[in-house]
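*Asks:* What follows is a predicted structure for the sequence shown.
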Amino acid sequence: MTYPRSFTKKQIKYLHIKYKVDVILGVCAAIVLLPIFAVLALLIFLDDPGPVIFKQKRVGNHKSHFHIYKFRTMKTNTPKDVPTHLLENPDQYITRMGHFLRKTSLDELPQVFNIARGQICVCGPRPALWNQYDLIEERDKYGANDIKPGLTGWAQINGRDELEIDVKARLDGEYVEKFGLLMDMRCFFGTFASVLKSEGVVEGGTGAMEAVAAKEEEQRPGTKVTRRKKKKVLIMTNHSFMLWQFRRELIKELLKDYTVILSMPCGEHVDDFRAMGCKIIDTDINRRGINPVTDLKLMRTYFYLLKKIGPSMVITYSIKPNIYGGFACRMLKIPYCVNVQGLGTAFQKPVLASLVTWMYREALKKACTVFFENDGNAAVFQQKKIIPKRKQTVLHGAGINLDYYPYAPYKEEDSVHFLFVGRIMKEKGMDELFYAAKKMKATYGEAVTFDVVGFFEDEYKEQVQKLQRQGIIEFHGFQEEVWPFYQKANCVVLPSYHEGMSNVLLEAAATGRGLITSDIPGCREAVLDGTSGYLCPVMDQEALLAAMKRFMELSVKEREAFGLAGRKHMEDVFDKKKVVQETLKKIQEHLS
């Protein structure tokens, strides 16, 4: 058995006894609680038939991995091929029992089996999520990764979710330094007091708002750690998945100097954000259309949040947070920066465009700056007199993480692979793409392959299935990890009607693949026409077909050269690090 180097002989002796006693306690607790487990399991099953336990990957002793047990709180019929952030009202997929279990923390009860198996102890540092790299690295400084984690611990009773990563790791280090029976007793009995008071818990609802609004500069009883007050940055969005995919690098930088609070529907990557050190407020947003009832409720929620939290800066993403969050910030005189990630269909329909233009104009009057992802969208906002040019900042999209999307050496098999990645809907140019695919298949046969990655709108379901049966396309459904498909592709095609800045094109170019896309703002910026790909007039199926044929006529060396030119273009213009620093600089101008 290994242990922290700082341990005295007395502590080592206690460690041996503690590990054995905890296993016995775990077994006894499992036996005693079996009737409760049986009742809860039955209620979970009756509420929603299916497995009652789910496992979560955590970090154990010496940074080994194990699975922690919890009661299932989500319905078994939750769509598996659609990301949570795109589900209509994600809250509907939490079971009735799930709401109760989460509120009372009874979903954690099965962890007594982890104790019985010797994977965790009753007291010790809480096991980090497997990808909570910052906390794991920080704990190494104090030897806190060299003892078994616990069901509860010193950091748990001195702040829990409110603590910054470095403070949490320091408290875990203090537990290691003072390791012994007295420290475990303080953790054990202190847990009851913390649970009864609900101290340090930051999740959804009013409790989260109260916790976030609590005083941050205070001396915690029983510890020498004094927390430094930080300015608060509140981020409003309607996509937890998209925020993680494209903004996590920016958030990581913000966390170095500010307390970051995320207001969004709790979907995918919420645990990842918590692991980074963010505070989360679950905020329900109806993303589709304009509904006066739900939209008014959202605006009231934003007013309440802003009053309770009192942020120094608000950053908004997507149309409803931009408008309703922006208007609330304007009325409460709170500094705010807005991100316009594309114009979407709202500006394509005359009546709706007039309404949205007026709403944007009112909401953005006092905005510090409005970030755009291309010059074309910025020009529209100037033309419609929504925001003056002096308040506009045009970025190179969200940028591309060149480490996450490395260059993949160009390979060509018997067939040239054209790849589409995205939502299968009319606005993405699917009618033009499918027309071109049929013609290309008729001309080149097995020498060409069309891979389609994404999920379809209902109107395209039958067509996609028919094209797949005919062997015209290979449909792969929604994929969390897309890079392997870029790697296999020879050319990525996106005949979209409108984009803010196409991340698909940036990702594909960074991987070193040629591009064919529409000559519109948000797409043309990613392509060096004739050098890294081809631009086509929007909604022109014949032009799209011609571009694909031109690509087919290139030699292998010429196709590879397209990819290399695209990669260099990403390095020169779209490097995520540069975009993040430019964004930070602008935000900090208004925070200082």
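*Replies:* That came in fine, so what should we check first?
*Asks:* so after the worst-scoring helix or strand of the chain on mean pLDDT, what's the next helix or strand?
*Replies:* Between all helices and strands in the chain, the lowest mean by mean pLDDT, DSSP states H and E belongs to helix 205-213, at a mean of 40. Once the chain leaves helix 205-213, the next helix or strand it forms, by DSSP states H and E, is strand 231-236.
*Asks:* Report the angle between whichever helix or strand comes after that following strand and strand 231-236.
*Replies:* Counting by DSSP H and E, the next helix or strand C-terminal to strand 231-236 is helix 240-255. Using axes from the mean of the first three to the mean of the last three Cα atoms, to 10 degrees, the inter-axis angle of helix 240-255 relative to strand 231-236 is 170 degrees.
*Asks:* So what's the residue count around Leu181?
*Replies:* Number of residues near Leu181 (other Cβ atoms under 10 Å) recorded here: 10. (C-beta placed from N, C-alpha, C; glycine too.)
*Asks:* That one contacts Lys13, correct?
*Replies:* No. Leu181 is beyond contact range of Lys13, at 11.0 Å (criterion: Cβ atoms under 8 Å).
*Asks:* For Ile400, what are phi and psi?
*Replies:* phi -130, psi 130 (degrees, to the nearest 10).
*Asks:* same deal with Asp529?
*Replies:* Main-chain torsions, Asp529, degrees, to the nearest 10: phi -60, psi 120.
*Asks:* so where is the stretch 101-250 of the chain shaky, pLDDT-wise?
*Replies:* Low-confidence segments of the stretch 101-250 of the chain (pLDDT under 70): 159-163, 193-229.
*Asks:* how close does Leu296 get to Asp284?
*Replies:* According to Cβ to Cβ, to the nearest Å, Leu296 stands 13 Å off from Asp284.
*Asks:* what does Gln341 give?
*Replies:* Gln341 sits 21 Å away from Asp284, going by Cβ to Cβ.
*Asks:* Ok, Pro409 next?
*Replies:* Noted for Pro409: a distance of 46 Å to Asp284, by Cβ to Cβ.
*Asks:* between these two, which one's more packed in?
*Replies:* Comparing Pro409 with Asp284 by other Cβ under 10 Å, the one with more neighbours is Asp284, at 16 against 8.
*Asks:* Now do the phi/psi pair for the more buried one.
*Replies:* Dihedral pair for Asp284: phi -80, psi 130, per degrees, to the nearest 10.
*Asks:* That one against Gly267, yeah?
*Replies:* No. The pair Asp284 / Gly267 is not scored as a contact, 11.3 Å apart, by Cβ under 8 Å.
*Asks:* give the contact list for the residue positioned nearest the centre of the chain.
*Replies:* Among the residues of the chain, the one closest to the centroid is Trp244, at 2.5 Å (Cα atoms, centre = their mean). Each residue near Trp244 by Cβ atoms under 8 Å, 6 or more residues apart in numbering is listed here: Glu268, His269, Asp272, Phe273.
*Asks:* quick one: which of those residues sit in helices?
*Replies:* Asp272, Phe273 (DSSP state H).
*Asks:* Filter the contacts of Trp244 down to the buried ones.
*Replies:* Glu268, His269, Phe273 (16 or more other Cβ atoms under 10 Å).
*Asks:* Could you report the distance from the first one to Met331?
*Replies:* Which is Glu268. Distance, Glu268 to Met331, by Cβ to Cβ: 32 Å.
*Asks:* again with the second one
*Replies:* For His269, the distance to Met331 equals 31 Å [Cβ to Cβ].
*Asks:* do the same with the last one
*Replies:* Using Cβ to Cβ, one obtains 28 Å as the distance from Phe273 to Met331.
*Asks:* what does stretch 417-425 contact?
*Replies:* Contact partners of stretch 417-425, identified using Cβ under 8 Å, 6+ apart, comprise 428, 430, 433, 437, 440, 448-457, 459-460, 464, 482, 485-486, 488-494, 496, 504, 508, 513, 516, 548.
*Asks:* which of those residues count as buried?
*Replies:* Among the contacts of stretch 417-425, those buried by neighbour count (16+ other Cβ under 10 Å) are 428, 430, 433, 437, 440, 448-456, 460, 464, 482, 485-486, 489-494, 496, 504, 508, 513, 516, 548.
*Asks:* Mark which of those residues are part of helices, please.
*Replies:* Met430, Leu433, Ala437, Met440, Tyr460, Val464, Phe485, Tyr486, Val504, Ala508, Met548.
*Asks:* The first one: what's it in contact with?
*Replies:* When contacts are counted by Cβ under 8 Å, 6+ apart, Met430 is found next to Ile424, Tyr460.
*Asks:* And for the fifth one?
*Replies:* Contact criterion Cβ under 8 Å, 6+ apart gives Ile424, Met425, Met430 as the residues in contact with Tyr460.
*Asks:* May I see the buried residues of the longest helix seen in the chain?
*Replies:* Counting residues, the longest helix found in the chain (DSSP H) is helix 9-47. For helix 9-47, a neighbour-count test (16+ other Cβ under 10 Å) marks 11, 14-15, 18, 22-23, 26, 29-30, 37, 40-41, 43-44 as buried.
*Asks:* looking at it, Asn449 is touching Ser415, isn't it?
*Replies:* Not Asn; residue 449 is Thr. Yes. With contact defined as Cβ under 8 Å, Thr449 and Ser415 form a contacting pair (4.5 Å).
*Asks:* tally of neighbours for Lys439?
*Replies:* A total of 17 residues lie near Lys439 under the criterion other Cβ under 10 Å.
*Asks:* and what of His67?
*Replies:* His67 is flanked by 14 other residues according to other Cβ under 10 Å.
*Asks:* Over to Leu352?
*Replies:* By the measure other Cβ under 10 Å, the count of residues near Leu352 is 14.
*Asks:* gap between it and Asn377?
*Replies:* Leu352 sits at a distance of 17 Å from Asn377 (criterion: Cβ to Cβ).
*Asks:* same thing with Glu253?
*Replies:* Distance from Glu253 to Asn377, by Cβ to Cβ: 24 Å.
*Asks:* ok, these two, which is more surrounded?
*Replies:* Asn377 (23 against 17).
*Asks:* Assess the claim that Pro51 and Thr76 are in contact.
*Replies:* Yes. Assessed by Cβ under 8 Å, Pro51 is found in contact with Thr76 at 7.5 Å.
*Asks:* okay, and the common contacts of Thr449 and Ser415?
*Replies:* Shared contacts of Thr449 and Ser415 (Cβ under 8 Å, 6+ apart): none.
*Asks:* Would you list the phi and psi of the closest residue in space to Met570 that isn't next to it in sequence?
*Replies:* Of all residues not flanking Met570 in the chain, Ala510 sits nearest, at 4.5 Å (Cβ to Cβ, 6 or more residues apart in numbering). The phi and psi values for Ala510, taken as degrees, to the nearest 10, are phi -60, psi -30.
*Asks:* Contact partners for Ala510?
*Replies:* Ile400, Leu402, Tyr405, Pro406, Tyr407, Gly566, Arg567, Met570, Phe574.
*Asks:* how deep is the last one tucked in, by neighbour count?
*Replies:* It stands for Phe574. Phe574, neighbours per other Cβ under 10 Å, totals 24.
*Asks:* who touches it in this structure?
*Replies:* The contact partners of Phe574, by Cβ under 8 Å, 6+ apart, come to His396, Gly397, Gly399, Ile400, Leu506, Ala510, Ala526.
*Asks:* can you tell me how far the second one sits from Ala128?
*Replies:* Distance, Gly397 to Ala128, using Cβ to Cβ: 32 Å.
*Asks:* where's stretch 553-563 relative to the chain centroid, distance-wise?
*Replies:* Its chain's C-alpha centre and that of stretch 553-563 lie 35 Å apart, by Cα atoms, centre = their mean, to the nearest Å.
*Asks:* same thing with stretch 29-41?
*Replies:* 35 Å.
*Asks:* do stretch 408-424 as well
*Replies:* Put simply, stretch 408-424 sits 26 Å off its chain's centre (Cα atoms, centre = their mean).
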